[in-house]
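Trainee: let me see the structure of the following:
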Amino acid sequence: MHVDAPAEVVYDLVSDVTGQHRFTEECTRSAWVHPATGPEVGAVFRGSNRNGPFRWATTSEVVSAEPGRRFRYLVRSLGTDVAEWEYLIEPGERGCEVTETTYDRRNAFFRYVVAPLATGVWDRSEHNRRNIERTLEKLRRVAEQRA
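Mentor: Below is the predicted model of the structure:
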């Protein structure tokens, strides 16, 4: 998605996990786990999520933090890797292009038994596709207002 805001503004928004709930679809709250205080490789944060009446928690670790360019983290739940989320930001002459991608890391048992019962989502791939569209639109609005 094209965003009429500098890449640094977009990066600051996506890497501020404590504020992601303002534009993401499922995240309701996140907090850095001590001693982490911000986005750097190895930093850990906990997230609270919801989908209708379903609520669950995750723990994530930052695996890439390149200001103005890329923010990526590995999500774990119940001690199992479940996903990686990535924001790629390509600066341009007028604003930037932002791509949000998710990579499913769940094993079969987690994918077909645990996750659907915990989250209410049976087709996570399609669900995430729709949520990414909504998230990027909200992110665009927040970033352009901030710029």
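Trainee: who touches stretch 63-82?
Mentor: Contacts to stretch 63-82, defined as Cβ atoms under 8 Å, 6 or more residues apart in numbering, come from residues 6-8, 11, 14-15, 17, 39-41, 43, 45, 47, 56-62, 83-89, 91, 104-107, 110, 114-115, 118. Placement of C-beta: from N, CA and C, glycine included.
Trainee: neighbours of residue 10, how many?
Mentor: 28 (other Cβ atoms under 10 Å).
Trainee: what helix or strand is it on?
Mentor: Using DSSP states H and E, the element containing residue 10 is helix 7-15.
Trainee: may I have the secondary structure class of the nearest residue to residue 121 once chain neighbours are set aside?
Mentor: Of all residues not flanking residue 121 in the chain, residue 127 sits nearest, at 4.7 Å (Cβ to Cβ, 6 or more residues apart in numbering). Following DSSP: H, G, I helix; E, B strand; the rest coil, we place residue 127 in the helix state.
Trainee: tell me which residues in the helix holding residue 10 are buried?
Mentor: Using 16 or more other Cβ atoms under 10 Å as the burial criterion, the residues of helix 7-15 that qualify are 7, 9-15.
Trainee: what about dumping the CA coordinates of it to PDB?
Mentor: Output in PDB follows, covering the C-alpha atoms of helix 7-15 (Å, rounded to 0.1, in the frame of the first residue of the first chain):
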ATOM      1  CA  ALA A   7       9.200   5.700   5.800                       C
ATOM      2  CA  GLU A   8      10.600   6.700   9.200                       C
ATOM      3  CA  VAL A   9       7.000   7.600  10.400                       C
ATOM      4  CA  VAL A  10       5.600   4.300   9.200                       C
ATOM      5  CA  TYR A  11       8.500   2.300  10.800                       C
ATOM      6  CA  ASP A  12       8.000   4.100  14.100                       C
ATOM      7  CA  LEU A  13       4.300   3.100  14.000                       C
ATOM      8  CA  VAL A  14       4.800  -0.600  13.100                       C
ATOM      9  CA  SER A  15       7.800  -1.100  15.500                       C
END
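Trainee: much appreciated, bye for now.
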